[in-house]
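Enquirer: Predicted model and sequence follow; I will ask about them next.
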Amino acid sequence: MVVSSFEYRLKKFNKLYMSKLKSVIGIILLIGLWSCEETSKLPDPLEAGWNNTAVCEVLVDNDEMRVLKCSFAPGVGHDKHYHPAHYAYAISGSRFRIEDKDGIREVDFPTGSNYYSEGVEWHKALNIGDSNAVVLIIENK
């Protein structure tokens, strides 16, 4: 059977293309596994604590929700952790230094303030204010 020049180049192109495509797919899979692995190694807010000391306690944990009460004296924070989607309410507020993928910033979280988050890949927090902070974290399951 005679193979035309076009067919020969097409076969060569397909062989090269498939080889490169397999390499790209492999890289994408490795990146995906690496990012999943990184998140799964991080503790959730209950497990994170501060310098191996718990800062959160469970108030409610059932099929529908988990409610945590987290307390931060001045100079106490929350080691690096992730959050699923949650609602937070400051029973007692303070000023925090927050570090996350976007950098470091200082924020006031005054008593009575609240927010909803779709989730946090990772962050660390430190109470840099002069008052005790107590925060409720409510997570849907």
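Expert: Received it, and whenever you're ready, just let me know what you need.

Enquirer: Now do Asp130 against His86, distance only.
Expert: Here Asp130 is placed at a distance of 26 Å from His86 (CB to CB, to the nearest Å). All C-beta spots, glycine's among them, are computed from the backbone N, C-alpha and C.

Enquirer: Compare those two (neighbour count), which wins?
Expert: Between Asp130 and His86, counted using other CB atoms under 10 Å, the more crowded position is His86 (21 against 9).

Enquirer: Quick check, pLDDT for that one.
Expert: Here, the pLDDT recorded for His86 equals 97.

Enquirer: Specify the beta-bridge partners of it.
Expert: According to DSSP bridges, the partner residues bridging His86 are Ser117.

Enquirer: who's in contact with it?
Expert: Each residue near His86 by CB atoms under 8 Å, 6 or more residues apart in numbering is listed here: Tyr116, Ser117, Gly119, Ile137, Ile138, Glu139, Asn140.

Enquirer: Now a ChimeraX select for only the buried ones of those residues.
Expert: Filtering these down to the buried ones (16 or more other CB atoms under 10 Å) takes a single ChimeraX command:
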select :137,138,139
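
Enquirer: can I get the contacts of His86 in a markdown table with secondary structure?
Expert: Conversion of the contacts of His86 to a markdown table gives the following (DSSP: H, G, I helix; E, B strand; the rest coil):
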| residue | secondary structure |
| --- | --- |
| Tyr116 | strand |
| Ser117 | strand |
| Gly119 | coil |
| Ile137 | strand |
| Ile138 | strand |
| Glu139 | strand |
| Asn140 | strand |
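
Enquirer: and which of the contacts of His86 is nearest Ile91?
Expert: Ile137 (11.1 Å; CB to CB).
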